[in-house]
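# Build me a model from this:
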Amino acid sequence: MALWRPDKVYFGPAGVPTTVKKGGVVEGVIEVKRLGLDAMEIEFVRKIFLNEKSALEVRSTASQLGVVLTVHAPYYINLNSSEGGKVKASIDRILESARIGFKAGAWSLCFHAGYYGDSGASSVHEVIKSRVKEIVRTLEDEGVEMWIRPETTGKPSQYGTLEEILDISSEVEMVLPVVDFAHIHARGAGAIKQYEDFARILSLIEDRLGRLGLDNMHIHVSGIEYGDKGEIRHLNLAEADLSSELLVKALKEFNVKGVIISESPNLEGDAILLKELYYGAERRKSRRSRSRASRSE
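Below is the predicted model:
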């Protein structure tokens, strides 16, 4: 089975839309389609709650509706822990998220790789890289085909600068980044202020990973509150100082393809906002063209 290749930008929420009052992932996928969105992230943030039967039902529903799925592994992961039991548990959580996500038809798996602790950044990178390689080898042996993606993180105590994530993506097969623009912004105490800041990020991805990096993007977006220690909490885009308009402009300029997941408190609302910003001008142009064509007939 060949990996799915994005042909455009798909938009959706991180988890089941808040408009779903009763139900789980299947109902979430159906609601995503009703809302005019076309992607959803399955959130295993506290536990892996799908079994094989329910995962296959999710896969069937998403396939029928044309909704692209990604997965977020549980938060309780630290591949750099000094405790062997915690490392094993972290690896197991990533593996099981990938196995169930693959059965559900997910294309990409996101996880937070770990913390620096008392170690230097370069040694932490080597430790995490070796454990990610182990994860990739295990999944390859099992025939699980999906992108394994460490995420850019929002606190200086966490492994996951953009440069570190690009390093590990260039060094390990089947690994690509989850680029969380809010996390990059918060980690840099408001580092993304202008169009050039977004463009610099995308240019660096292309320089390090080539077009593969821009043609297979898994992106997280939200507003974010931050302080001296980085990320504090996610905000709706309208309440934040991260410009969704400039982000969309950069994504279009760089001809990005992939999935954009809204992690705002208003999950589906900001996903719809981003999709409208991205495709709205094209749709309005298309409507005007159709209108002119009908008047000339």
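# Please name the nearest non-neighbouring residue to Ala240.
Excluding the flanking residues, the one nearest Ala240 by C-beta to C-beta, 6 or more residues apart in numbering is Gly223, at 2.5 Å. Every C-beta, even on glycine, is put in place using the N, C-alpha and C of the backbone.
# And Gly15, by the same measure?
Using C-beta to C-beta, 6+ apart and skipping residues adjacent in sequence, the residue nearest Gly15 is Glu43, 4.0 Å away.
# can you check Gly230 too?
Per C-beta to C-beta, 6+ apart, closest to Gly230 is Lys155, 3.7 Å.
# now the helix or strand that contains Glu164: mean pLDDT?
Assigned by DSSP states H and E, Glu164 belongs to helix 162-171. For helix 162-171, mean pLDDT is 98.
# Contacts for it, please.
121, 125, 128-129, 132, 150-152, 175-179, 184, 201, 204-205, 208-209, 213 (C-beta atoms under 8 Å, 6 or more residues apart in numbering).
# Selecting buried members of those residues in PyMOL, what would you type?
Listed next is the PyMOL selection for buried residues among these, using 16 or more other C-beta atoms under 10 Å:
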select buried, resi 125+128+129+132+150+151+152+175+176+177+178+179+184+201+205+208+209+213
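# So which of the contacts of helix 162-171 sit within helices?
121, 125, 128-129, 132, 184, 201, 204-205, 208-209, 213 (DSSP state H).
# for the residue nearest to Gly230, what are its contacts?
186-187, 229-231.
# List just the nearest of those residues to Ala106.
Distance to Ala106, by C-beta to C-beta, is smallest for Glu231 among the contacts of Lys155, at 24.9 Å.
# what about that closest one, neighbour count?
Here the count is done by other C-beta atoms under 10 Å, and Glu231 has 20 residues near it.
# Contacts only, for it.
Applying C-beta under 8 Å, 6+ apart, the residues contacting Glu231 are 153-155, 182-183, 186-187, 224-225.
# Tell me the buried residues in stretch 130-137?
131-133, 135-136.
# Widest-spaced pair of those?
Arg131 and Val136 (9.9 Å).
# Ile205: what's its closest spatial neighbour, skipping adjacent residues?
Counting by C-beta to C-beta, 6+ apart, Ile205 lies nearest to Gly213, which is 4.4 Å off, once chain neighbours are set aside.
# should've said Glu151
With C-beta to C-beta, 6+ apart as the criterion, Glu151 has its nearest non-adjacent residue at 3.9 Å, and that residue is Val178.
# swap in Asn51?
Counting by C-beta to C-beta, 6+ apart, the residue nearest Asn51 is Ile100, at 7.7 Å.
# Which pLDDT value does the model give the one you found?
pLDDT at Ile100 comes out at 98.
# That one contacts Ile48, correct?
Yes - counting by C-beta atoms under 8 Å, Ile48 is a contact partner of Ile100 at 5.8 Å.
# Just want to know which of the two has more residues nearby.
Between Ile100 and Ile48, counted using other C-beta under 10 Å, Ile100 has the larger neighbour count: 23 against 18.
# Can you list phi and psi of that one for me?
phi -70, psi -40 (degrees, to the nearest 10).
# which residues touch it?
Listed by C-beta under 8 Å, 6+ apart, the contact partners of Ile100 are 44, 48, 50-52, 55, 71.
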